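S.K.: Everything below, folded, please.
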Amino acid sequence: MANEDNLDRGAIGWERAAIEKLLLANVRERRAARRWRILRSVIWMLLFGALIWVLDIDAFSSRAPSGPHTAVVAIRGEIDDQGEASAENVLPALRDALEDSDTQALVLLINSPGGSPVQAGLINDEIRRLRKKHDKPVYAVVEETCASAAYYIAVAADDIYVDKASIVGSIGVLMDGFGFVGTLDKLGVERRLLTAGQNKGFLDPFSPQTPEQRQYAQAMLDQIHRQFISVVKQGRGERLKETPETFSGLFWTGEQSIALGLADGYGSLDSVARDVVKAEKVIDYTNKDNIAERLAKRFGAAIGQGAVSALRAGAVVR
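M.R.: Model prediction:
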């Protein structure tokens, strides 16, 4: 019996030792895997940080001032509060350019069909304020197009230079949309729109527009148009050769715009820097997303998406 008990105890001891070894091995393996995951995450973060640092150094060095130069801020694409040509992006670039003691003049490099009169007004006001504050000339150079809100910005410059085939002008305001009331009637669809306020839904495309609502919208457009005209007259002064078509919304070639006093002469960024500013070195102050910033935004978006997914998953579990 004693031998059997000893054997049983030995077997139990062996099993316990084996289980303990397995458990310890499992714990070590899990710790090693955890350390490797942490190390891998740190390595990726360091590589990502190094990439951003290198790209940011390249971006900074490409516009680092060195001696007298012509500053340039590009205004490209639609002018709205979300794009590259928003006031949020353009205004800091204007300040950086004109606050630099080595900047001899600022060139607005414009290629835009227009957009928001609010964003254009903010940029126009800041250009005029900075011109007065720093006492430095500002020139507008038009590439393909400088129309509507883009021209609203351009007239804040001392002079406007164009290519003979550039498109300039479109001094007008529009509000566009569609009306589907007749379509709904033909399809036998009833529009059910509930509002508090008799004019709350007057821009709804599925509801009829009353003469009073149309008159109200037109009065608002006319007021903005008058503001636009006032800014153009203020910026161009006696150079403007006004005709009945000047403020009609028409646009002209660069050659025609010079004859009409909407522009001052022919010129490109390089020729204006060389012949007008007398500072051939050009430094770009335009605020734009570089590769590093785009990667950072995507990385941040991915983290945010993961967090949202985790919260949703937690909500489902609960």
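
S.K.: ok, now which ones touch the nearest residue to Thr103 once chain neighbours are set aside?
M.R.: Leaving out its chain neighbours, the residue that sits closest to Thr103 by Cβ to Cβ, 6 or more residues apart in numbering is Ala71, at 4.5 Å. Placement of C-beta: from N, CA and C, glycine included. Under the criterion of Cβ atoms under 8 Å, 6 or more residues apart in numbering, the contact partners of Ala71 comprise 97-98, 100, 103, 105-107, 282-283, 285.

S.K.: Equivalent analysis for Ser86, please.
M.R.: Ser86 makes contact with 79-80, 119 under the criterion Cβ under 8 Å, 6+ apart.

S.K.: mind running it again at 7 Å?
M.R.: Contact analysis of Ser86 by Cβ atoms under 7 Å, 6 or more residues apart in numbering lists 80, 119.

S.K.: for Tyr285, same thing?
M.R.: Applying Cβ under 7 Å, 6+ apart, one finds that Tyr285 lies in contact with 63, 71-73, 93, 96-97.

S.K.: Which ones among those lie within strands?
M.R.: 71-73 (DSSP state E).

S.K.: Compile these into a markdown table and extend it with columns for pLDDT and distance to Val162.
M.R.: Converted to a markdown table, those look like this (pLDDT from 0 to 100; distance: Cβ to Cβ, whole Å):
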| residue | pLDDT | distance to Val162 |
| --- | --- | --- |
| Ala71 | 97 | 20 |
| Val72 | 97 | 16 |
| Val73 | 97 | 18 |
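
S.K.: Could you dump those into TSV and include distance to Arg226?
M.R.: Putting these into TSV (distance: Cβ to Cβ, whole Å) gives the following:
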residue	distance to Arg226
Ala71	33
Val72	32
Val73	28
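
S.K.: Tell me the one of these nearest Ser207?
M.R.: Distance ranking of those against Ser207, using Cβ to Cβ, places Val73 first at 43.0 Å.

S.K.: how many neighbours does the closest one have?
M.R.: The burial count assigned to Val73 is 25, neighbours taken as other Cβ atoms under 10 Å.

S.K.: Helices along the stretch 151-300 of the chain, start to end?
M.R.: Under the criterion DSSP state H, counting those that start in this stretch, helices of the stretch 151-300 of the chain are mapped to 181-187, 211-236, 254-259, 269-271, 291-317.

S.K.: Tell me which other helices or strands the shortest one touches.
M.R.: With contacts defined as 3 or more Cβ pairs under 7 Å, 6 or more residues apart in numbering; DSSP states H and E, helix 269-271 has no packing partner among the helices and strands.

S.K.: quick revisit: and the helices of the stretch 151-300 of the chain, which one is worst for confidence?
M.R.: Comparing mean pLDDT across the helices of the stretch 151-300 of the chain, the lowest value falls on helix 291-317: a mean of 44.

S.K.: Give me the distance between the residue nearest to Thr103 and Tyr161.
M.R.: Counting by Cβ to Cβ, to the nearest Å, the gap between Ala71 and Tyr161 amounts to 16 Å.

S.K.: if we can go back for a sec, of the contacts of Ala71, which belong to strands?
M.R.: 103, 105-107, 282-283.

S.K.: Let's have the residues you listed in CSV, adding distance to Tyr152.
M.R.: As requested, these are exported to CSV (distance: Cβ to Cβ, whole Å):
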residue, distance to Tyr152
Thr103, 24
Ala105, 21
Leu106, 17
Val107, 18
Val282, 25
Ile283, 26
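
S.K.: so which two of the contacts of Ala71 are the farthest from each other?
M.R.: With distances taken as Cβ to Cβ, the most widely separated pair in the contacts of Ala71 is Leu98 and Val282, at 15.0 Å.

S.K.: Arg214: neighbour count?
M.R.: The burial count assigned to Arg214 is 11, neighbours taken as other Cβ under 10 Å.

S.K.: oh, I was asking about Glu88
M.R.: Counted with other Cβ under 10 Å, residues neighbouring Glu88 total 12.

S.K.: How about Leu91?
M.R.: The local packing count at Leu91 equals 18, with neighbours defined by other Cβ under 10 Å.

S.K.: And the helix or strand where it lies, what's buried?
M.R.: Following DSSP states H and E, one finds Leu91 within helix 87-99. Of the residues in helix 87-99, those scored as buried under the neighbour-count criterion (16 or more other Cβ atoms under 10 Å) are 87, 89-91, 93-98.

S.K.: Please apply the same query to stretch 219-230.
M.R.: Buried residues in stretch 219-230, defined by neighbour count with 16+ other Cβ under 10 Å: 224-225, 228.
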